[in-house]
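Peer 1: I would like the atomic coordinates for the input below:
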Amino acid sequence: MKIQNVADDAFRRYGKVLEGYDFTELLKEMKHTPVPEDVTYVPSVEEMEALPVAKELQNKGYGGLPIEIGYCNGHNKKLNGLEYHRSSEITYEELLRLASAVRRGGLLSRKAGLLTIHMGDGKEALSKLFRALKESEVPLSTFLPTHVARNSALLEEAIEWIKAGGQADFTAGETSSGGTAHLMAYAMDKGADSSRMTLSSDAFGSQPRFDEQGRCTGLSYSTSRVLHDELVNLVQREGFPLETALTFITCNPAHVLRMEAQKGCIAEGADADLVLLGQALSIDGVFARGRQMVKNGQAIVKGRFE
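Peer 2: Alright, predicted model coming up:
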């Protein structure tokens, strides 16, 4: 294995070295940290985070977001410190800049101009979106928060967002708190307008596996099957009429994407995307733009590598 310097070209694709900061006081603090024979990792040190350079890094380097400063010392003898980050976190100002650009792009292209926001487990939840609603001129329809049922606090804010006129996307396959179908039913019981709710999957997107300590232990991919599973759950377990449950995966997302004339409907001139369901809501047939893909429950058209 070739060990390279962080300033080498090989590291450029992963980020950049921050320059122009005075780390003199930080290096003095480092002299008080242990250097064991193995490795010690302390992610947050209060004395280091209280230094003036910490505030400078936070404001200039990370857009005002909270940061931690710690150390990793010792004598490493193997590759055991990899990290995997799925996405970046943005500031409120960056959110507005992106939303404005997306809106302009939608107007110029005659498309929806939609900013889909992947929600995590953070404490901020939808606070930046509510702030944008209060302080900016960007319409609610520009924003689409997804994964809004990750935790109870986020779900409650999503319900308020829908009540305010926004739209929110639920992710099929959630297993906590009774599952996605149950949480959607709960949202409607709390007054959320079903026409502003969509249901989607992470079909074939990366799906990390975590252990009990929250460490990523591997990567797999998500299946599209959970979307049909949630449809069945909505009808058979939560008691939704089939015509209501279908709207979450047909006409509602078509409306959000401004594709009502093409998708999510059965009409002359629309794309003939059809799913034929059996008595127990099993998938018996599938047509995509008029071409039959599934017959008698079996795929008759397959991909290149299937």
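Peer 1: and the strands in the stretch 201-306 of the chain?
Peer 2: 206-210, 216-221, 274-277, 283-288, 291-295, 298-299 (DSSP state E, counting those that start in this stretch).
Peer 1: would you turn the ones you listed into JSON lines with distance to residue 170?
Peer 2: Every residue, glycine included, has its C-beta placed from N, CA and C. Output for the strands of the stretch 201-306 of the chain, formatted as JSON lines (distance: least, CB to CB, whole Å):
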{"stretch": "strand 206-210", "distance to residue 170": "17"}
{"stretch": "strand 216-221", "distance to residue 170": "20"}
{"stretch": "strand 274-277", "distance to residue 170": "19"}
{"stretch": "strand 283-288", "distance to residue 170": "21"}
{"stretch": "strand 291-295", "distance to residue 170": "25"}
{"stretch": "strand 298-299", "distance to residue 170": "27"}
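Peer 1: residue 20: which of the ones you listed is closest?
Peer 2: Among those, strand 216-221 comes nearest to residue 20, with 32.6 Å by CB to CB.
Peer 1: mind giving me the packing neighbours of the closest one?
Peer 2: Counting contacts by 3 or more CB pairs under 8 Å, 6 or more residues apart in numbering; DSSP states H and E, strand 216-221 is packed against strand 206-210.
Peer 1: which stretches of the stretch 1-150 of the chain have low pLDDT?
Peer 2: 1, 13-15, 78-89 (pLDDT under 70).
Peer 1: make JSON lines out of the strands of the stretch 201-306 of the chain and add mean neighbour count.
Peer 2: Formatted as JSON lines, those follow (neighbours: other CB atoms under 10 Å):
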{"stretch": "strand 206-210", "mean neighbour count": "11"}
{"stretch": "strand 216-221", "mean neighbour count": "10"}
{"stretch": "strand 274-277", "mean neighbour count": "16"}
{"stretch": "strand 283-288", "mean neighbour count": "16"}
{"stretch": "strand 291-295", "mean neighbour count": "14"}
{"stretch": "strand 298-299", "mean neighbour count": "10"}
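Peer 1: which among those is found nearest to residue 253?
Peer 2: strand 274-277 (14.4 Å).
Peer 1: and that closest one, what's its mean pLDDT?
Peer 2: Here strand 274-277 scores 95 as its mean pLDDT.
Peer 1: can I get that strand as CSV, trimmed to CA atoms?
Peer 2: Extracted C-alpha coordinates of strand 274-277, given in CSV (Å, rounded to 0.1, in the frame of the first residue of the first chain):
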residue,chain,number,x,y,z
LEU,A,274,-50.4,0.7,-16.0
VAL,A,275,-50.3,-1.8,-13.2
LEU,A,276,-52.9,-4.6,-13.1
LEU,A,277,-53.7,-5.8,-9.6
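Peer 1: next one: it to chain centre, how far?
Peer 2: 29 Å (CA atoms, centre = their mean, to the nearest Å).
Peer 1: partners of it, with directions?
Peer 2: strand 283-288 (antiparallel) (DSSP bridges).
Peer 1: quick check: angle from the partner strand to strand 291-295?
Peer 2: 160 degrees (axes from the mean of the first three to the mean of the last three CA atoms, to 10 degrees).
Peer 1: let me see the residues that make contact with strand 283-288.
Peer 2: Residues from elsewhere that reach strand 283-288 (CB atoms under 8 Å, 6 or more residues apart in numbering): 228, 272-278, 292-297.
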